[in-house]
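# Sequence and predicted structure below; questions after.
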Amino acid sequence: MSPTIRTVTLGCKVNQYETELVREGFARAGFSDAVEHESADVCVVNTCTVTAEGDAKSRQTIRRLARENPRAQIVVMGCYATRAPEEIAAIPGVAEVVTDKRELPDLLDRFGIHEMPTGISRFANHHRAFVKVQDGCLLRCSYCIIPHVRPRMASRPWQPIVEEVGRLVENGYREIVLTGIHLGHYGVDFNQGKPKSEWKRLSHLVDRLARLPGEFRIRLSSIEATEVTRELLEVMRSHADRVCPHLHVCMQSGSDAVLRRMRRRWSNRHFLDRCRLIRDYLPDPALTTDVIVGFPGETDDDFQRTCDAVREAAFSKVHAFSFSARRGTPAASMPGQVPPQVRAARLGQLEQLAASLRDTFHRQQIGSRMEVLVETPPGSELPLPAGLRDAPDRFHAFGTSCRYAPVLLTQPARNGRLYRAIARQFAEGCLIAELA
């Protein structure tokens, strides 16, 4: 009987990719995934430390796995493991703490895996596959702990990425999400010392991947607005049938005073100008963003400027969250810490605005054609919103549009496939569409 493994990932798409890379290594050594209610031989937890909540969830996950898998060796990796290895090592059941991802080959070697995979071929329990193209960040935003717990910035060479994407497409993945800690800086490290005519940047990589054969689409994950260059937009426009018209551009605040304290690199006006540039190039793009509410020193006027900027940018989705002080970052000791109740009130107000903008954007899609990735596992129930559960026979499949909208299809469609559809209605946060 083959040994078994169970993996749990907290946090970002990069973490999810790195977990899959470790799973791939264990699979090559003969490990299989533990089935539900089975005690695994090895548990791998990939942790997150972006917020205090991420730390807490990581600890809770480790303790739960120790209870449910009493004979397992528990291996903990990820950003929280790098930041606080002693805290994690003290949790009962933890056998290994990986403080640096560069130690992974040594870890796998101790489990009989003598060759670290250079890429993945599958992405468990997903219909889209994330592909990490770079790691590390050159920025030092005053609130962010990630540059302290990630290695120096490094981009992956083209060839392994091209081979990996081709392999994933051959294995049936119809959406490839390019991700990195600082995606827009892809290529900066290996372009140093070369003339600009020889540079290879994110735009060049996307262009190369978009030319691969097969039925699939490409989506870019989080990127800094200033790094959405005209060259990248031109590539996205020229491969409109292959690259999703969706960009997640990180705003964080609409107040220039707050942006300066955050050590961000541009003004609110610069950010909004870049959003307009994106709309000039792409047909009705979906713009999504992150916003931190209650950063130290944020006044009512600062918060109002953020709301105004969110409204002007007309985001289709806003990931809004309260400021979380991270020990070791400048923001943790800044004066003017905003009281929790004020942060909570502002967060609620921003979330109401974001929901209104989301609904407006999606209603504008009614009557338009879109590409939908069907994500309904056979035999599973559709994730119907409460207001649509009284007519379950009306819907046959669930998926995600190229503009990152949830879609309910009124006709049968195969899981994991891409379909052209026409939006006919918007209800309960979902577009309702029929196959084109």
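Here it is on my side, so go on.
# any idea how far Gln349 is from Val318?
The span separating Gln349 from Val318 equals 12 Å under the rule C-beta to C-beta, to the nearest Å. In this view, the C-beta of every residue, glycine as well, is placed from N, C-alpha and C.
# who touches Gln73 in this structure?
Neighbour list for Gln73: Asp41, Val42, Cys43, Ala95, Glu96 [criterion: C-beta atoms under 8 Å, 6 or more residues apart in numbering].
# By neighbours, which of those wins?
In terms of neighbours by other C-beta atoms under 10 Å, those top out with Cys43 at 27 neighbours.
# Now do the helix or strand that that residue is a member of: everything it contacts.
Secondary-structure assignment from DSSP states H and E places Cys43 in strand 42-47. Outside strand 42-47, the residues that touch it by C-beta under 8 Å, 6+ apart are 3-11, 15-16, 18-19, 22-23, 26, 31, 54-55, 58, 61-62, 65, 69, 72-81, 88, 111.
# Please flag which of those sit within strands.
Thr4, Ile5, Arg6, Thr7, Val8, Thr9, Gln73, Ile74, Val75, Val76, Met77, Gly78 (DSSP state E).
# Return a selection command, for use in PyMOL, containing the buried ones of those.
The buried residues among these can be selected in PyMOL (16 or more other C-beta atoms under 10 Å) with this line:
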select buried, resi 4+5+6+7+8+9+73+74+75+76+77+78
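# of all the ones in strands among the contacts of strand 42-47, which comes closest to Ala436?
Nearest to Ala436 among the ones in strands among the contacts of strand 42-47, counting by C-beta to C-beta, is Thr9 at 35.2 Å.
# Secondary structure element holding Arg311?
For Arg311, the host element (DSSP H and E) is helix 300-313.
# Off-centre distance for that helix?
Offset of helix 300-313 from its chain centre (C-alpha atoms, centre = their mean, to the nearest Å): 24 Å.
# buried set for it?
Within helix 300-313, the residues that qualify as buried by neighbour count (16+ other C-beta under 10 Å) are Asp302, Phe303, Arg305, Thr306, Cys307, Ala309, Val310, Ala313.
# and the angle from the helix ranked longest in the chain to helix 300-313?
With residue count as the measure and DSSP state H as the assignment, the chain has helix 340-363 as its longest helix. Interaxial angle of helix 340-363 relative to helix 300-313 (axes from the mean of the first three to the mean of the last three C-alpha atoms, to 10 degrees): 10 degrees.
# Please dump the ones in strands among the contacts of strand 42-47 into JSON lines; it should also carry pLDDT for every row.
Conversion of the ones in strands among the contacts of strand 42-47 to JSON lines gives the following (pLDDT from 0 to 100):
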{"residue": "Thr4", "pLDDT": "94"}
{"residue": "Ile5", "pLDDT": "94"}
{"residue": "Arg6", "pLDDT": "95"}
{"residue": "Thr7", "pLDDT": "95"}
{"residue": "Val8", "pLDDT": "94"}
{"residue": "Thr9", "pLDDT": "95"}
{"residue": "Gln73", "pLDDT": "93"}
{"residue": "Ile74", "pLDDT": "95"}
{"residue": "Val75", "pLDDT": "94"}
{"residue": "Val76", "pLDDT": "95"}
{"residue": "Met77", "pLDDT": "94"}
{"residue": "Gly78", "pLDDT": "92"}
